[in-house]
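>>> This is the structure alone, sequence omitted:
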């Protein structure tokens, strides 16, 4: 039976496909706003035979496509800025984007670095309003635009997000795709498309007119899959991504060049460690329910002390305050190494909200943005200064 | 040189009063002592950790007036174990004899001048409050005081005294408790952030009678009977708490305090052990409290109560909410809400005479709920 219920109807499934617009190029433009509005190509060094990994819509307008040799792209867009891809930077943004999605549900499946499915079937929200909310949250959190497709299954959601680009939201039901070209269906590459066109089959509507045995004869087992896909039937589940990778704690350590004894010697290092731990927690979307001070004495013995928090935190100031107190209590002589661990990690999406506006939260967010753009040492708190210099 | 006679019961009562000021750990050994001062027919006892000082006096027969500092914990332990009889104390700094019945102890004391100078009674703006009223007001607010927060002001409780009454406010940035006592007034206005130790001491006082509260500069004193607690205040500024008390929360839940509290206790078993998160789903005729934890399972409970306003879902730290409920007094309470991310106001359904008590609680963000 055809799943003809409109997307988001209570009885059917509601799947969202979130696809970042011109992802790598957009991330690069964030760091270099002067490139906004210009054709931007992210690929590699044109002197080598590299290909376009991503390009801005301005470059796309000139005919540049992902996968195209860079030299060919530059012939099409001679004035384009060419930037080397920075996978580390893109992964860091992807983590933050997934963090936004995880705030909504754990039923998300990242497909690649710049796209993910989200199963909203069990959520009480209207899927299109949820899509708008996701788009807004990603923009607020990262400055990047996503297009979101909504459908009763993965196929239609993905087709919808493609139609929605750029900066759009689109919902497609099985009957909305009749006029779509056959190549818009998942699994139909140029080869299959040309076989189909040889039979005079150019659109989804044309394909739906074919019986299953005919398609099987034409394309083998792939034809069987296409029979269903062309009817907008796609039973594949959104498989929540494995969370085994979720860290148990976030920690940083510092070994001193020579053993230190005085607070004035070790506090800058602790301040810097607190900053690093806080920054990582915020980047990865976690808040910790406990803070540990780890220390190693000149005899190489390891020790630690832990404080449990009333509510989990991802703020440098709170982490620093706790380790400063623990250090004052336990450090009675020279130390060789100090470390901070933020434990009992929880998704920051379940964070206890603040009464007084969370001024520190704003300061940390602003500092994070500066660091992302200009590097880790671009901004730091005063008490960590001497540690940064060394 | 000192020589006196005091009843064991009186001496123990005095030591019980001051012992709380002896610091459990300190870098200054002198502070582990209790100062014993024999004057005219009375024995004065004092202990301090430099932030909090407690002095008291008990009736004694003094033969040789004088002062000596005696190891606090040892003296307290000895007197606690002595029979109910007269205690003779005599000696000089480094050799103090304590004799009672057939028991005799000799412990090493220190000279008076080894002990820090004690604060003296201030003659400043003051008011008088029945001790049970003050203790109860502190208990109903101080649960919200921050513990070792990096913002020092939040580690104490703000007291504002003036012609319109005494207002006491405590907050840790996530919740807030405020009480206003109309009948406790002073002609001029004064405010101070009271240190947690003084709050703890006063909250535990079981005595009847009045306490005289005085403010001067960075110090406060609380005098009741023959005992005075001096406490250094915490430097401000206190956060602008009045601004965060919402006045436009348009959704109201009226519910039995005990019903809500016991449901929360049950939900807490399943809730995430780090966040203690529970979810309240409110709509007219349907009040649901739920907990969910991937590791432990799910729990839900339907509650009886009256809700008016649009449907809303809001998450809370169950421990915070239970602590607020525990420190309220009414059988039925009113929760006023706006949305899932704004402070919730909790008050007794029936107002108390001359006392206004209010608590605020910030929600825990719920995944997938906006607004």
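Perfect, thanks for sending it. Not measured: the values here are computed from a predicted model. Residues are numbered from 1 along each chain as shown, chains lettered A, B, ... in the order given.

>>> Tell me the pLDDT of the residue in the stretch 1-150 of chain A that chain B sits nearest to.
Proximity to chain B, evaluated over the stretch 1-150 of chain A using Cβ to the nearest Cβ, is greatest for residue A:104 at 4.1 Å. Backbone N, C-alpha and C define where each C-beta goes, glycine included. At residue A:104, the model reports a pLDDT of 84.

>>> Okay, it and residue A:323: tell me how far apart.
Distance, residue A:104 to residue A:323, using Cβ to Cβ, to the nearest Å: 33 Å.

>>> the more surrounded of the two?
Higher neighbour count among residue A:104 and residue A:323: residue A:323, with 28 against 22, using other Cβ atoms under 10 Å in any protein chain shown.

>>> where's that one, which helix or strand?
helix A:316-330 (DSSP states H and E).

>>> what residues does that helix touch?
With Cβ atoms under 8 Å, 6 or more residues apart in numbering or on different chains as the contact definition, helix A:316-330 has outside contacts at A:263, A:266-267, A:270-271, A:273-275, A:277-279, A:288, A:291, A:293, A:295, A:303, A:305, A:307, A:309, A:313, A:338, A:340, A:342, A:360, A:364, A:381, A:383, B:148-150.

>>> Looking only at it, what residues are buried by neighbour count?
Buried residues in helix A:316-330, counted by 16 or more other Cβ atoms under 10 Å in any protein chain shown: A:316, A:317, A:318, A:319, A:320, A:321, A:322, A:323, A:324, A:325, A:326, A:327.

>>> Work out the gap between it and the centre of the chain.
Offset of helix A:316-330 from its chain centre (Cα atoms, centre = their mean, to the nearest Å): 32 Å.

>>> list the helices and strands the very next helix or strand once past it packs on?
On the C-terminal side of helix A:316-330, the nearest following helix or strand under DSSP H and E is strand A:335-347. With contacts defined as 3 or more Cβ pairs under 8 Å, 6 or more residues apart in numbering or on different chains; DSSP states H and E, strand A:335-347 has these neighbours: helix A:87-104, strand A:250-260, helix A:263-284, strand A:286-296, strand A:302-313, helix A:316-330.

>>> Now with 6 Å, please.
Strand A:335-347 makes packing contacts with strand A:250-260, helix A:263-284, strand A:286-296 when contacts are defined by 3 or more Cβ pairs under 6 Å, 6 or more residues apart in numbering or on different chains; DSSP states H and E.

>>> Tell me how many other residues surround residue 310.
You didn't say which chain, so I picked chain A. 18.

>>> hm, I was asking about chain B
12.

>>> quick one: pLDDT of the residue lying closest to it once chain neighbours are set aside?
Spatially, and ignoring its direct neighbours in sequence, residue B:310 is nearest to residue B:251 (6.6 Å; Cβ to Cβ, 6 or more residues apart in numbering or on different chains). You'll see residue B:251 listed with a pLDDT of 96.

>>> For residue B:251, the count of nearby residues, please.
19.

>>> same thing with residue B:230?
Residues near residue B:230, counting by other Cβ under 10 Å, number 24.

>>> same deal with residue B:23?
17.

>>> what's it in contact with, if anything?
B:31, B:49 (Cβ atoms under 6 Å, 6 or more residues apart in numbering or on different chains).

>>> Need the phi and psi values for it.
Main-chain dihedrals, residue B:23, degrees, to the nearest 10: phi -70, psi 140.

>>> got it, and the one 5 residues further on?
Per-residue torsions, residue B:28: phi -110, psi 100 (degrees, to the nearest 10).

>>> Now do the same for it: its pLDDT.
What the model reports for residue B:28 is a pLDDT of 88.

>>> now residue A:142
Residue A:142 is given a pLDDT of 89.

>>> which ones are touching it?
Shown in contact with residue A:142 (Cβ under 6 Å, 6+ apart): A:93, A:96.

>>> what's residue A:80 in contact with, if anything?
Applying Cβ under 6 Å, 6+ apart, one finds that residue A:80 lies in contact with A:39, A:41, A:59.

>>> likewise residue B:195?
B:156, B:231, B:234.

>>> near chain A, which of these show up?
When contact is defined as Cβ under 6 Å from any Cβ of the partner chain, the contacts of residue B:195 do not meet chain A at all.

>>> out of these, which are buried?
Going by neighbour count (16+ other Cβ under 10 Å), those have B:156, B:231, B:234 buried.

>>> Take those residues and keep only those in strands.
Applying DSSP state E to the buried ones among the contacts of residue B:195, the entries found in strands are residue B:231.

>>> and the gap between residue A:294 and chain B?
20 Å (Cβ to the nearest Cβ, to the nearest Å).

>>> What about that residue, how many residues nearby?
Burial of residue A:294 is recorded as 19 neighbouring residues (other Cβ under 10 Å).

>>> And for residue A:92?
Close neighbours of residue A:92, defined as other Cβ under 10 Å, add up to 15.

>>> same question, the one 3 residues further on
Here the count is done by other Cβ under 10 Å, and residue A:95 has 13 residues near it.

>>> which residues sit in contact with it?
Contacts here follow Cβ under 6 Å, 6+ apart; on that basis residue A:95 touches residue A:284.

>>> ok, 7 Å please
Contacts for residue A:95 (Cβ atoms under 7 Å, 6 or more residues apart in numbering or on different chains) come out as A:283, A:284.

>>> What sits closest to residue B:240 if chain neighbours are left out?
Residue B:240 sits nearest to residue A:356 (Cβ to Cβ, 6+ apart), 7.7 Å away.

>>> Give me the pLDDT value at the one you found.
84.

>>> returning to that earlier point: now render the helices and strands packed on strand A:335-347 as TSV, adding distance to residue B:119.
Below are the helices and strands packed on strand A:335-347 laid out as TSV (distance: least, Cβ to Cβ, whole Å):
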stretch	distance to residue B:119
strand A:250-260	38
helix A:263-284	29
strand A:286-296	35
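
>>> Need the phi and psi values for residue 79.
In the absence of a named chain, this looks at chain A. phi -90, psi 10.

>>> In the beta-sheet assignment, what are the partners of the residue nearest to residue B:310?
residue B:337 (DSSP bridges).

>>> Next up, the contacts around it.
Contact analysis of residue B:251 by Cβ under 7 Å, 6+ apart lists B:282, B:308, B:309, B:310, B:312, B:336, B:337, B:338.

>>> Using JSON lines, lay out those residues together with pLDDT.
Listed next are the contacts of residue B:251 as JSON lines, based on pLDDT from 0 to 100:
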{"residue": "B:282", "pLDDT": "94"}
{"residue": "B:308", "pLDDT": "94"}
{"residue": "B:309", "pLDDT": "92"}
{"residue": "B:310", "pLDDT": "92"}
{"residue": "B:312", "pLDDT": "93"}
{"residue": "B:336", "pLDDT": "97"}
{"residue": "B:337", "pLDDT": "96"}
{"residue": "B:338", "pLDDT": "94"}
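
>>> List only buried entries from the residues you listed.
B:282, B:309, B:312, B:336, B:337, B:338.

>>> okay but the fifth one is in contact with residue B:315, surely?
No. Under the criterion of Cβ atoms under 7 Å, residue B:337 is not in contact with residue B:315, lying 11.9 Å apart.

>>> about what we covered before: quick check: of the buried residues of helix A:316-330, which lies closest to chain B?
Within those, the smallest distance to chain B is 3.3 Å, found for residue A:321 (Cβ to the nearest Cβ).

>>> could you check the distance from the closest one over to residue B:157?
20 Å.
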